[in-house]
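Novice: Got a predicted structure plus its sequence, pasted below:
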Amino acid sequence: MASEKLYSVLEQHLDGSWWYHLGWTFETQEAAEQKIREGLWFDPKRPMRLFEHRKPFPQDHSRYTRDLKTFGFAGCIDWTDE
């Protein structure tokens with residue numbers, strides 16, 4: 001498990017789930033906050049939030065969460081914040 005903090009940006013879909021997209025993890029809080037300020041080109045009003053963690057996300061595909069602890073994709077849990 002990594003000991004350094006990581007900062008990821010999550011964006012909220014209309015169903016309330018929060019999504020992590022590939023490449024949206026940063027080594028500094030400031031860089032993640034800048035991504036949030038930039039917003040989404042296709043929906044600038046969509047909510048985005050900072051997610052702090054130590055274990056990196058797998059980088060094979062995007063993933064979603066409803067509880068900000070367990071992340072899945074296509075019905076399978078594939079990352080937990082332990």
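Specialist: Cool, got the structure.
Novice: ok, H53 touching V9?
Specialist: No: look at H53 against V9 with Cβ atoms under 8 Å: they stay out of range, at 11.9 Å. In this view, the C-beta of every residue, glycine as well, is placed from N, C-alpha and C.
Novice: the more surrounded of the two?
Specialist: More neighbours surround V9 than the other of H53 and V9, with 23 against 17 (other Cβ atoms under 10 Å).
Novice: secondary structure class for that one?
Specialist: Of the three states, V9 takes strand under DSSP: H, G, I helix; E, B strand; the rest coil.
Novice: Next: K55.
Specialist: Under three-state DSSP, K55 falls in the coil class.
Novice: what's the answer for G23, then?
Specialist: With three-state DSSP as the basis, G23 sits in strand.
Novice: residues contacting it?
Specialist: By Cβ atoms under 8 Å, 6 or more residues apart in numbering, G23 lies in contact with Q59.
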